[in-house]
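Enquirer: Provide a 3D model corresponding to the input given below.
(chains A, B and C)
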Amino acid sequence: MRKGLRFLAVGVAAFGLVGLFPAAAQDDVFRVAAVSPSATNDLAFSQSMFDALTMLDEEMGDAFEFTFQEGTFVVDDAAVALRDWASSGEYDLVIAHGSQYGSVVEELAAEFPEVAFAWGTDVNTFDLPNVSAYTVAAEQGGYINGALAAMLSESGNIGVIGPIEVGDAKLYVDGFVSGVNATDPDATVNVTYIQSFGDVPLATEAATAFVSNGADVLSGTAQMVVGPIGVALEDGLWWFGTQSSQAELAAESGVSFQVYRWDVVLRDLIADIQEGTLGGESYVLTLENGGIEMEVSEFTGLDEETLATVEDTIASLTEGIISGDIVPLPSAEATPEATPAS
Amino acid sequence: MNRVIQVRTTSTNWLRAVGNRLLDVAPLLVALILAFLVGSVLLLALNVSPLAGFSSMLQGAFGSENTIAETLVKATPMLLVAIGICISFRGGMINVGGEGQMIAGAVAGVTVALALSTSPSLIAVPLSIFAGFLAGAIYGGLAGWLKAYFNVNEILSTIMLNAIAVQMMNYLLNGPLLDPTEAGVNHVPKTARIAEQLQIARLSIPLPEGVAELFSLQNAELFARTRLHWGLIIAIVLAVLAYFLLWRTTIGYRIRAVGENERAAKYAGIRVRWNMVLAMLFAGGFAGLAGVVQVLGLQYRLQTDGSATGFTANAGFNGIVAALFGGLNPLGAIPASIFFGGLLVGAQKMQRDLGVPAALITSLNGLIVIFAVSSEYFRAALARRRSLGGGSMSGAQPVTAPPETAETRIDPGDSIGLVSS
Amino acid sequence: MNILEVLGSIFTASVAAATLRLATPYLFAAIGETFAQRSGLLNLGVDGIMLMGAFSAFYAVLMTGNLLVGLAAAMIIGGLMGLAMAFISVTLKAQQGISGIGLYLFGLGMSELLFQTLVGTPKSIQGFPPIYIPGLSDIQFLGIGRIFFSQNILVYLAFLSVPVSAFIFNRTNFGLKIRAVGQNPAAADAMDVSVTRVRYATQIIGGVMAGVAGASLSIALLDVFQQNLTGGMGFIAVALVYFGRWKPLGVMLGALLFSFVNALQLQISAVGIQIPPEFSTMAPYVITIIALVFAGKQSERPTALTVPFQRGE
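Expert: Predicted structure coming up:
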């Protein structure tokens, strides 16, 4: 597909004078292309992948390059990008960062068996040898955040704002609720799914509704949380986040954040691909494998003593979850295990 | 874009007609050039060479067999919506409900397709498609009915109905229609994949021997390894049929009469209310077709991220633009849809290659629309000059309408240029 | 819980307060659009102007820390976009519905582009604080203090714009001209009213108010900016003008109804009542349509709406 001047279909011949794709050199550079639904600066899902790729880029220097198409929440647009990358033959790994892209990956991977695909969050590799799936046990960090929320809440009233009940958003919220209930059975935790990933005004008003009903701790997931974070700041509430660090935005309201470290998965993937294995495995980020990091906000307004308790609690809960003593969610609802232990 | 100018020539003098048409199109081209100039300035501001930017766009839209196919794939739902928009706008109904009607069509179509998954395709495919048309028609007709009998403004009702359709779809995809394999795991709101024999076939064109080698194509059939599907052909055939419906049948005549002058239509004995509903039934039906064709021809399942755009990719909205660019003529909408399809697909390529935010193209699209509708002023001025000089005109209409027709008025026909009524 | 308790937990003062807040951007935008429509101009690009207004206000505040500078920036950008729209619809006589969609797309894309290049990641700013009025803000009775006397300045301005605009329409010479131009431009022209000037003026007013509507989101209610912050509010605002039958009071009632239903559905899930969220989310739209059916005749519609004026034809 990278030949130069090419005659074009009838009627568009006038546009034909373009071309000359820079030829892909078969060199030692590992090239990754990724598409994500929201912006790479969303402080949430897309940013977590962008940050991971940037990290690898810094680590590996000239041996690594990546291309990123953001804001592609229309599945069909992502399909165009993915097909373009796959057919160009220039990329060692093509990442579809969004569980909504699954059917596209399934189709493309079958059509381009020589290209390595990774997609998430999901565990399904479609039994194709060139597809890797990755996901995150978001309920683990959700559980810890929920437990801390119950601990810090004085009113015993906690509000959670979610987008739609899917994927890691649902896991996080369910884990959070479970964490609250396990810590303080008397606490109330109410959840609003606002049916949108991006509607900041609605998310803000949902947060305000929680506050006026007595909530003193908020949490939420997806990129519209910038609104609720503002509410937490303004009304002096505690905020718990997930996906990426929102410490800076949440300032003194921020307590802890579950940060996705996709670089953990990516390192494995790159190593495998360089050895000639194009896929076939599914990966799960967990506390155990370092794919989930609990970050305590450096800007938090917590006093020293409470902060120490928070850190201790995170440590002991992490230990409990890793050892299996604490089960954030009943297994039927939790993240399925990875195919091989990774 | 030049193709469209040959669509209809009423003049016996073929050459002069073509000349006139070129003059018709000229302001539109100027508008495009202007928009691209602004785009160049923006690209420069972003430290990107405009030449690199636009050549990347062009390449992404028409630069290879695959990108041409993607452009056509993008154009297909847009064209189907645009056909409906031509009918409703001609009937004086400003239908901005394409998104909701697409969703209605897709939901109905996928439901039928899933229910008939074991039936022979000869029965199941037409039934699914018809279900999509019907559901879209009912959803569009609802807005028409509210307008005709309750005087509810259709811009308003269709905006509301769009929002309602999205939530309806979300509800169904989270519950009754949810892919059983999703239930425990990710809960991504999507239906199961529709059976293979119910999918609209991919489209490829066998080439005469030697042609593939001549142009160094990989396959002996053009578009063989692309996503191009028969939906495109369906859309083009329907565009032709809709053209005949509008200008060669009494049904079309009545719809247009109501759109052009409601009062006069009433005096002529035309049932104004029924024709309003009818225009919306057609508009919704075609948008519904766009929805079901996306499902059966491309995505093979219905899925969303909770927003309308997540499924429709804005085709319900862009279809309006394509229809107006095509002069509110279904035939003009064909090249217009392909043009906008190319623009959208090319913009993504530019983002991938050069890291230019796709938002740039959204704003550029806006400018193209603005400049194009504004160019009508100059086109009309040109036309006036020519008609004063005795040149034959193919039905340009005065820009100003008599005030009493204002109630449901959208400038009929020539408001954009290209093709006349 | 018995039914009364349930109702008591839903219809609260905070819902009323939320209704006023939610209605604010709609009010600014819709009242501005009323000016344009009364003079015969349909501007479907309100949402695009709102987005640009929201961004410019946010960016100005981020840079200067001065809220009034932010507000002024939104007004200027909004006014300029209104001016552009006036040039397109009045001077070039372009089809208004579609050029409005063009303006919307432009604003949508441009605000996102500027945000990504100039700001990058979501940041929050210190927006207009709620005004505390000693005495009044403390009224506990029915939550009146909280509902009516603890809002930020833009909320009051939005509601103030209703009587002010009604006064302009009905009691001033300018209002008379607007109505004349919208009803019968030829007659107005014959009476030496400049159709062009009046329409330019109303469109610019509409633009400025749409800009303020955006600012009310980014520097008063939410204190953040994000891509597509308005999420199509501008289109609802246009709808509310039809809903309100081109009368400021009607527009306000529409904005309040729409916002009330929205606030209600958030309250319902905030207190933990389980309704499929899809149904509560669609409720405001369903109710608006039903209300429209009962709104009856739209005889007050400006006769010349969307019709460009051409002298002597």
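
Enquirer: stretch C:100-118 close to chain B?
Expert: Yes: contact of stretch C:100-118 with chain B is found when judged by Cβ under 8 Å from any Cβ of the partner chain, involving C:101-110, C:112-113, C:116-117. (Glycine included, C-beta is placed from N, CA and C.)

Enquirer: and that stretch, how far out from the chain's middle?
Expert: For stretch C:100-118, the distance between its averaged C-alpha position and the chain's averaged C-alpha position is 18 Å (Cα atoms, centre = their mean, to the nearest Å).

Enquirer: now do the buried residues in that stretch.
Expert: For stretch C:100-118, a neighbour-count test (16 or more other Cβ atoms under 10 Å in any protein chain shown) marks C:100-116 as buried.

Enquirer: near chain A, which residues of chain C are found?
Expert: C:12, C:14-15, C:17-18, C:21-22, C:25, C:116, C:120-124, C:217, C:221-224, C:226-231, C:233, C:262-263, C:266-267, C:269-272, C:277-278, C:281.

Enquirer: so which elements touch the helix or strand where B:Ala163 lies?
Expert: B:Ala163 belongs to helix B:154-174 when elements are defined using DSSP states H and E. In terms of contacts (3 or more Cβ pairs under 8 Å, 6 or more residues apart in numbering or on different chains; DSSP states H and E), helix B:154-174 is packed against helix B:98-115, helix B:121-150, helix B:308-312, helix C:233-243, helix C:277-295.

Enquirer: and the pLDDT at residue 15?
Expert: Assuming you mean chain A. We have a pLDDT of 34 for A:Phe15.

Enquirer: oops, wrong one, chain C.
Expert: C:Val15 is assigned a pLDDT of 85 by the prediction.

Enquirer: what's the burial count for it?
Expert: By other Cβ atoms under 10 Å in any protein chain shown, the residues close to C:Val15 number 23.

Enquirer: helices or strands next to the helix or strand harbouring it in the packing?
Expert: Assignment of secondary structure by DSSP H and E places C:Val15 within helix C:13-38. Where contact means 3+ Cβ pairs under 8 Å, 6+ apart, helix C:13-38 is packed against helix A:200-212, helix C:46-64, helix C:144-148, helix C:153-171, helix C:173-183, helix C:195-216, helix C:233-243, helix C:248-270.

Enquirer: tell me which residues touch the nearest residue to C:Phe55 once chain neighbours are set aside, please.
Expert: Of all residues beyond its chain neighbours, the one nearest C:Phe55 is C:Ser111 (4.2 Å), with distances taken as Cβ to Cβ, 6 or more residues apart in numbering or on different chains. The neighbours of C:Ser111, taking Cβ atoms under 8 Å, 6 or more residues apart in numbering or on different chains as the test, are C:51-52, C:54-55, C:227, C:229.

Enquirer: and those residues as TSV, adding neighbour count?
Expert: TSV is the format used below for these (neighbours: other Cβ atoms under 10 Å in any protein chain shown):
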residue	neighbour count
C:Leu51	33
C:Met52	28
C:Ala54	34
C:Phe55	29
C:Gln227	24
C:Leu229	27
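
Enquirer: picking up where we left off before, ok so the residue nearest to C:Phe55 is a strand residue?
Expert: No: remark: C:Ser111 does not belong to a strand; assigned using DSSP: H, G, I helix; E, B strand; the rest coil, it is helix.

Enquirer: please tell me how far it sits from A:Asp216.
Expert: Separation of C:Ser111 from A:Asp216 (Cβ to Cβ, to the nearest Å) stands at 34 Å.

Enquirer: cool, B:Ala358 as well?
Expert: Distance of B:Ala358 to A:Asp216, computed by Cβ to Cβ: 40 Å.
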